[in-house]
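Colleague: let me see the structure of the following:
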Amino acid sequence: MVYLTGDTHGDLDRFRHGRLRWLGKRDIVVVLGDFGFVWDGSTEEQKKLDWLRKRPYTLLFLDGSHENYDLLAQYPETERFGGRVQSLGGNVYHVCRGSVLELEGKKYLCFGGAESPDREEREPGVNWWKQEMPSDEEYAACEQNLEACGYQVDYVLTHDAPSRFLDFTVLASGETNQLHQFLDKILLKLTYEKWFFGCYHRDVQLSTKSRCVFCDVIPMGDRHAKRLFRR
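Modeller: Numbering: from 1, shown residues only. Now for the predicted structure:
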């Protein structure tokens, strides 16, 4: 079974308690950005990563605005799950932006990244990295991967969201940036069942096809997804 959850920010509590505690080797967990376990490279952080690497399930994560992109770049890229990922050891993988993964027979478009609202107060290379926002090459790679599958996927997983999801909702974020505009663009072309995103630290269903995820742990699959979006 595939499970989704939101920002973890380097805190193991989400994995130690609740549903994730009981998952097995056939399960997959996807964190929708701001994973936070690749941040300062400290001994304590490495201990946390080692603990995650020993979990029986596969752990995938999108990047957000709270990752150390210099440290993340040191991990090797490889082809896995039908797309590009970086292996952090064990069963832990970072999903490269724009990858279309195949998990349990379903296609998942994955696209991380977000702009820190407090970036002016942060120090470059210490607690802020310009790579938090996607590059032109990453946007182009995403479109190329979508063209290869005819702009048709089962699920879309992102850290930030299209501005069309945010405007006039409880998640309204103010200025629209280049990432919002890109997600708006592909939204108009995509055929998909559900779109899940993190970033806003809320658990809220916006429509029958879109949901913001923070602390919830969401089981995927037709039966579970239909029940979830009927609430």
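Colleague: as a quick check, tell me the outermost residue of the chain.
Modeller: Taking CA atoms, centre = their mean, the residue of the chain most remote from its mean C-alpha position is Thr43, at 25.2 Å.
Colleague: if I look at that one, how far off is Leu49?
Modeller: Going from Thr43 to Leu49 by CB to CB, to the nearest Å gives 11 Å. All C-beta atoms are positioned from the backbone trio N, CA, C, and that covers glycine.
Colleague: what's the answer for Leu101, then?
Modeller: Distance from Leu101 to Leu49, by CB to CB: 21 Å.
Colleague: mind checking which of the two has more residues around it?
Modeller: Leu101 (24 against 17; other CB atoms under 10 Å).
Colleague: wasn't the more buried one part of a helix?
Modeller: No: Leu101 sits outside any helix when classified using DSSP: H, G, I helix; E, B strand; the rest coil, being strand.
Colleague: all helices of this structure, in order?
Modeller: Per DSSP state H, the chain carries helices over the ranges 13-16, 43-53, 69-72, 136-148, 163-166, 178-189, 222-228.
Colleague: can I get these in a markdown table with mean pLDDT and distance to Asp216?
Modeller: Formatted as a markdown table, the helices of the chain follow (pLDDT from 0 to 100; distance: least, CB to CB, whole Å):
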| stretch | mean pLDDT | distance to Asp216 |
| --- | --- | --- |
| helix 13-16 | 96 | 10 |
| helix 43-53 | 98 | 20 |
| helix 69-72 | 97 | 25 |
| helix 136-148 | 98 | 26 |
| helix 163-166 | 88 | 17 |
| helix 178-189 | 96 | 21 |
| helix 222-228 | 50 | 9 |
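Colleague: quick one: closest of the ones you listed to Gly113.
Modeller: Across the helices of the chain, Gly113 has its closest neighbour in helix 178-189 (5.9 Å, CB to CB).
Colleague: output the below-cut-off pLDDT ranges for the chain.
Modeller: 168-170, 172-174, 222-231 (pLDDT under 70).
Colleague: for it, what spans make up the strands?
Modeller: Secondary structure of the chain, counting by DSSP state E: strands at 2-5, 28-31, 58-61, 77-80, 83-87, 92-95, 99-103, 106-111, 155-158, 194-197, 204-205, 210-212, 218-219.
Colleague: packing partners of the first one?
Modeller: In this case it means strand 2-5. Judged by 3 or more CB pairs under 8 Å, 6 or more residues apart in numbering; DSSP states H and E, strand 2-5 is in contact with strand 28-31, strand 218-219.
Colleague: mind saving the C-alpha coords of that strand as PDB?
Modeller: What follows is strand 2-5, C-alpha atoms only, in PDB (Å, rounded to 0.1, in the frame of the first residue of the first chain):
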ATOM      1  CA  VAL A   2       1.100   3.600  -0.700                       C
ATOM      2  CA  TYR A   3       0.700   6.100   2.000                       C
ATOM      3  CA  LEU A   4       1.000   9.900   1.800                       C
ATOM      4  CA  THR A   5       1.900  12.400   4.600                       C
END
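Colleague: what residues does that strand touch?
Modeller: Contact with strand 2-5 is made by 14, 19-20, 23, 27-32, 103-104, 106, 157, 196, 213, 215-221, as judged by CB atoms under 8 Å, 6 or more residues apart in numbering.
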